[in-house]
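Chemist: what's the 3D shape of this:
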Amino acid sequence: MNHVQLKNLKRFSVSFVLISFCLVAWENQPFLKMTSMNFERATLDYRYKNFMPQRMPSKDIVFVDIDDQSLNSLNDRLGRWPWSREVTSNAIEYIEQGNPKIILMDILYSENDKKNPEKDDFLAKTISNYKNVSFALSFENFEGNKADRLPASQVPFSIDIKNYQPKSNNYFLSYTKPFSPLWESLSHVHVVNTTKDSDGLFRFAPLFFEYNSEVFPSLTFKAVSQFVNNPTYLIEDHRLLLFENDVIKYRIPLDDNFNLKLHFYPHKNLFKTIKFDKIYQDSLSVLQGEISDPEAHLKKLKEDFENKIVLIGGSATGLQDLKVTNIDKDFPGVLLHGTAISNILNNNYLKTIPVYSKYLIALLFMIVIYLSFIFLNNVIVKNIFPLLFMGGYIYFSLILFQNNEIDLPIATPLIFGFLSYGDGILYLTLVEAKQKKKIMGTLSKYLSPQVTSQLIEKGIDPTAEVGHKQELTILFSDIRGFTTLSETIKPEQVVEMLNFYLARMTDVVFNNQGTLDKFIGDAVMAFWGAPVDDSKHALNAVISALSMKFKLKEINKHFLSKYNMEFKIGIGVNTGNVIVGNIGSNKRLDYTVIGDNVNLASRLEGLTKNYGIEILIGEATFSSIKDSIFCRPIDWVLVKGKKEATSIYEPIVLKSKMTEKDQELYDTYSKGLGFYRSAKFHEAKICFEELIQKFQDPPSRVMLDRCCHLIENPPSHWTGVYTFSSK
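Modeler: The predicted structure is shown next:
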């Protein structure tokens with residue numbers, strides 16, 4: 001971990017702790033908690049609309065629908081709604097022939113029929129013949145039929161739920177019950193109150209209601225109870241348990257308000273639905289003896305209703321029982337109960353994870369986002385990855401909802417994820433960007449833009465590094481006779497020429513991933529392998545030296561045309577261990593290299609003028625590049641300040657571009673050098689004379705002069721090493 005990453009880790013650790021405290025305190029702030037709940041509710045609504053699990057409601061539910069078509073088709077015969085009680089009586093008697101499990105009315109019959117009062121008694125008498133019909137009761141919070149208790153009836157309608165603690169003695173203030181004769185003839189009643197959220201949408205189904213310390217079943221609860229023999233009820237761990245003969249048959253999940261969260265089906269039309277006008281027409285046909293095949297008709301009745309839960313309610317607009325849900329703005333109220341009943345019978349609930357899990361997921365979001373800001377180097381990836389991560393989680397939650405009916409929390413993780421993301425972006429924008437700009441400005445003075453960008457992405461600031469030992473390749477380049485040249489021309493021309501030359505040589509260094517150490521007057525010092533590691537640092541350095549040699553030809557063309565003069569240069573390249581880092585005083589530090597191998601590179605540059613060539617490289621450099629670059633051995637020397645001799649080489653060209661001339665030069669010179677080192681000076685002289693005659697080779701002229709001197713002055717002890725006493 002570099003120092004920038006360590007600094008960011010410390011900074012973001014503080015942010016993580018602070019935001020974590022906010023996460024803990026979130027639940028204690030009503031407004032924030034409600035905001036999160038509303039957001040979560042909205043995400044669930046989106047999932048229901050666009051990623052609805054493909055399920056079918058229970059086949060044990062039949063919806064007898066008083067729809068707009070039924071109202072219109074029966075209007076001429078029955079008049080406007082509400083119809084005579086005889087219509088309800090006939091419909092119930094007709095459905096009873098199909099032997100349903102229970103018939104539940106989602107219509108309140110609270111008032112007497114003023115036009116046909118005798119029909120009230122007719123309905124009550126009909127209902128008294130059946131023990132599987134349940135009528136609607138509702139509770140209100142206004143001063144209406146307020147009484148200490150509901151009027152007595154032949155059947156106790158309240159239920160006993162163990163472990164349930166009543167919320168208050170006056171949770172509801174009044175009630176609306178079926179008219180008195182009907183009330184007294186009923187075997188079952190159920191409550192049809194529904195509950196909507198603060199935004200007006202219906203997402204829950206109450207299962208029971210309190211009134212004056214008694215508990216009454218909802219339509220849903222009443223229907224499900226008919227599928228249980230000898231039912232008993234128990235509240236335990238946010239679940240309503242329905243026992244059949246002391247064995248649990250249904251486990252119904254409840255929220256904090258003892259409501260069942262509705263798990264909707266893809267469409268309301270998936271419920272088996274029979275229009276009321278068909279029921280009415282068929283019932284008249286039976287009464288009038290117009291059924292041609294009674295047995296077939298009875299069989300069809302049983303197929304439709306036998307052992308079924310029959311819900312009689314309305315989807316007609318005029319009945320004003322259409323509810324707004326998260327899947328439909330015109331959802332029949334009776335099908336809210338139908339959905340809840342189906343959820344229970346099919347054990348088909350929306351699966352949830354523990355409440356604390358949303359905080360754990362939020363913490364995970366924060367950790368991943370902050371770690372990405374700390375350890376990802378690429379700026380674009382660093383900014384986009386957190387968004388991709390959060391987007392991936394959302395996609396995963398959508399697919400999990402659609403395929404596995406699991407409700408993963410989205411709101412809280414996203415809220416705190418974006419808080420962390422915003423904090424990270426703000427910090428990087430205001431602090432890190434400023435720091436990068438500063439580092440970029442510093443590094444760009446001696447590093448190529450590519451290398452500088454690479455360092456910035458990795459969070460490396462070499463100007464802050466302490467010195468360490470590392471194998472690098474060092475290059476020195478110097479202009480021959482520049483001091484003498486500068487004395488013959490105007491100072492401003494000297495500066496102009498030098499700037500032109502140094503700018504292009506710097507480009508060569510940068511283009512080959514080199515680090516510009518410094519300009520020493522007219523000399524260029526550069527190195528390869530730091531601050532960015534480079535396994536080919538020797539090769540890149542030598543390629544730079546060859547490029548400088550060829551670039552000089554372009555520069556000299558410009559100088560000849562403009563100033564009628566040209567430059568000559570010498571380049572020395574050496575590879576070895578050096579000290580690299582910030583070196584200087586407490587007032588000024590330079591990122592540079594020092595060491596014996598740096599000095600050798602400088603000495604090699606100085607030797608180039610002795611041999612009349614432009615480039616010399618050391619033995620370690622040659623070993624690293626010999627497979628890629630064609631070089632010839634020049635000499636075996638002992639330079640000033642060194643105790644050990646070293647072989648020196650001249651890089652000529654990439655091996656892929658060798659010519660026959662290059663090969664002949666190499667072969668003849670190497671042969672002559674071999675004779676020279678073996679003290680066979682006459683034979684060596686012949687080889688060097690041949691090269692001078694053919695190629696005017698400067699190193700061969702140097703070696704020829706030595707051979708002539710050694711022939712005239714034979715050495716007493718010959719090692720083949722030539723010692724230089726000056727730089």
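Chemist: Make sure D256 is indeed in a strand.
Modeler: No. Under DSSP: H, G, I helix; E, B strand; the rest coil, D256 falls outside any strand and is assigned coil.
Chemist: Nearest spatial neighbour of it, chain-adjacent residues omitted?
Modeler: Distances taken as CB to CB, 6 or more residues apart in numbering place H238 nearest to D256, at 7.7 Å, with adjacent residues excluded. For the C-beta atoms, the positions are set from N, CA and C on the backbone; glycine is no exception.
Chemist: now that neighbour: how far from P354?
Modeler: Applying CB to CB, to the nearest Å, the value for H238 to P354 is 11 Å.
Chemist: Which one of these two is surrounded by more residues?
Modeler: Legend: neighbour count by other CB atoms under 10 Å for H238 and P354, higher for H238 (11 against 8).
Chemist: What residues of the helix or strand harbouring S623 count as buried?
Modeler: Using DSSP states H and E, S623 maps to helix 619-625. Using 16 or more other CB atoms under 10 Å as the test for burial, helix 619-625 gives E619, A620, T621, F622, S624, I625.
Chemist: if I pick the fourth one, what's in contact with it?
Modeler: Contacts of F622 were listed using CB atoms under 8 Å, 6 or more residues apart in numbering, and they are C631, S647, Y649.
Chemist: Which one of the residues you listed sits in the busiest neighbourhood?
Modeler: Within those, Y649 tops the neighbour count with 24 neighbours, counted by other CB under 10 Å.
Chemist: Show me the beta-bridge partners of that one.
Modeler: Using DSSP bridges, the bridge partners assigned to Y649 are I617, P633.
Chemist: wait, doesn't it sit right on I617?
Modeler: Yes. Using CB atoms under 8 Å, Y649 is in contact with I617, at 5.2 Å.
Chemist: what's the overlap in contacts for the two?
Modeler: In contact with both Y649 and I617: C631, using CB under 8 Å, 6+ apart.
Chemist: how near is the most centrally placed residue in the chain to F550?
Modeler: Taking CA atoms, centre = their mean, the centroid of the chain lies closest to F389, which sits 1.1 Å from it. Counting by CB to CB, the gap from F389 to F550 is 50 Å.
Chemist: Run through this structure and note the low-pLDDT ranges.
Modeler: Scanning the chain for pLDDT under 70 picks out 1-4, 27, 143-148, 154, 167-170, 432-466, 585-589, 726-727.
Chemist: ok, then the element right after the lengthiest strand in it?
Modeler: The longest strand of the chain (DSSP state E) is strand 569-584. Next helix or strand after strand 569-584 toward the C-terminus (DSSP H and E): strand 589-594.
Chemist: which helices and strands does whichever helix or strand comes after that following strand pack with?
Modeler: Where DSSP H and E defines the elements, the next helix or strand beyond strand 589-594 is helix 596-611. Judged by 3 or more CB pairs under 8 Å, 6 or more residues apart in numbering; DSSP states H and E, the packing partners of helix 596-611 are strand 468-479, strand 569-584, strand 615-617, strand 629-638, strand 646-654, helix 698-712.
Chemist: before we move on, the earlier item: output the helix holding S623 as CSV - backbone C-alpha positions only.
Modeler: Presented in CSV, the C-alpha positions along helix 619-625 are these (Å, rounded to 0.1, in the frame of the first residue of the first chain):
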residue,chain,number,x,y,z
GLU,A,619,29.2,-4.8,-20.3
ALA,A,620,26.0,-5.2,-18.1
THR,A,621,24.0,-3.3,-20.6
PHE,A,622,25.3,-5.3,-23.5
SER,A,623,24.4,-8.6,-21.7
SER,A,624,20.8,-7.4,-21.4
ILE,A,625,20.3,-6.2,-25.0
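Chemist: ok now it, how far from the chain's centre?
Modeler: Centre-to-centre, helix 619-625 and its host chain are 48 Å apart (CA atoms, centre = their mean, to the nearest Å).
Chemist: for the stretch 251-400 of the chain, what spans make up the helices?
Modeler: Along the stretch 251-400 of the chain, counting by DSSP state H, counting those that start in this stretch, helices occupy 276-287, 294-305, 333-345, 357-375, 379-404.
Chemist: other SSEs contacting the next helix-or-strand element following the longest one?
Modeler: It refers to helix 379-404. Using DSSP H and E, the helix or strand that follows helix 379-404 towards the C-terminus is strand 406-407. Secondary-structure packing of strand 406-407 (3+ CB pairs under 8 Å, 6+ apart): strand 351-352.
Chemist: which residues touch the strand it packs on?
Modeler: Counting by CB under 8 Å, 6+ apart, P253, N404, E405, I406, D407 sit against strand 351-352.
Chemist: Tell me which two of the residues you listed sit farthest apart.
Modeler: Greatest spatial distance among these (CB to CB): P253 and N404, at 16.4 Å.
Chemist: If you count surrounding residues, which of the two has more?
Modeler: More crowded of P253 and N404, by other CB under 10 Å: P253, with 18 against 10.
Chemist: give me the beta-bridge partners of that one?
Modeler: R239.
Chemist: Wait, it touches L241, no?
Modeler: No. Between P253 and L241 there is no contact under CB under 8 Å: 10.8 Å.
Chemist: strand partners of the helix or strand where V62 lies, parallel vs antiparallel please.
Modeler: Under the criterion of DSSP H and E, V62 resides in strand 61-66. Its sheet considered, strand 61-66 pairs with strand 272-275 (parallel), strand 309-314 (parallel) by DSSP bridges.
Chemist: can you list the ones you listed in CSV and add mean neighbour count and distance to N90?
Modeler: Shown next, in CSV, are the strands paired with strand 61-66 (neighbours: other CB atoms under 10 Å; distance: least, CB to CB, whole Å):
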stretch, mean neighbour count, distance to N90
strand 272-275, 17, 15
strand 309-314, 25, 13
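Chemist: For K162, give me phi and psi.
Modeler: The phi and psi values for K162, taken as degrees, to the nearest 10, are phi -70, psi 150.
Chemist: swap that for L665, sorry
Modeler: phi -60, psi -50.
Chemist: Distance check, the residue nearest to Q402 when sequence neighbours are not counted against E405.
Modeler: Excluding the flanking residues, the one nearest Q402 by CB to CB, 6+ apart is F51, at 4.2 Å. Applying CB to CB, the value for F51 to E405 is 10 Å.
Chemist: what does F482 give?
Modeler: Distance, F482 to E405, by CB to CB: 82 Å.
Chemist: Of those two, which one has the most company?
Modeler: F482 (19 against 14).
Chemist: List the contacts of that one.
Modeler: By CB under 8 Å, 6+ apart, the neighbours of F482 are G521, D522, F567.
Chemist: isn't the second one right next to L498, touching?
Modeler: To tie it back to what came earlier, the one meant is D522. Yes. Proximity of D522 to L498 meets the contact threshold set by CB under 8 Å, at 6.1 Å.
Chemist: So which of these two has more stuff around it?
Modeler: Using other CB under 10 Å, the more surrounded residue of D522 and L498 is D522, with 21 against 17.
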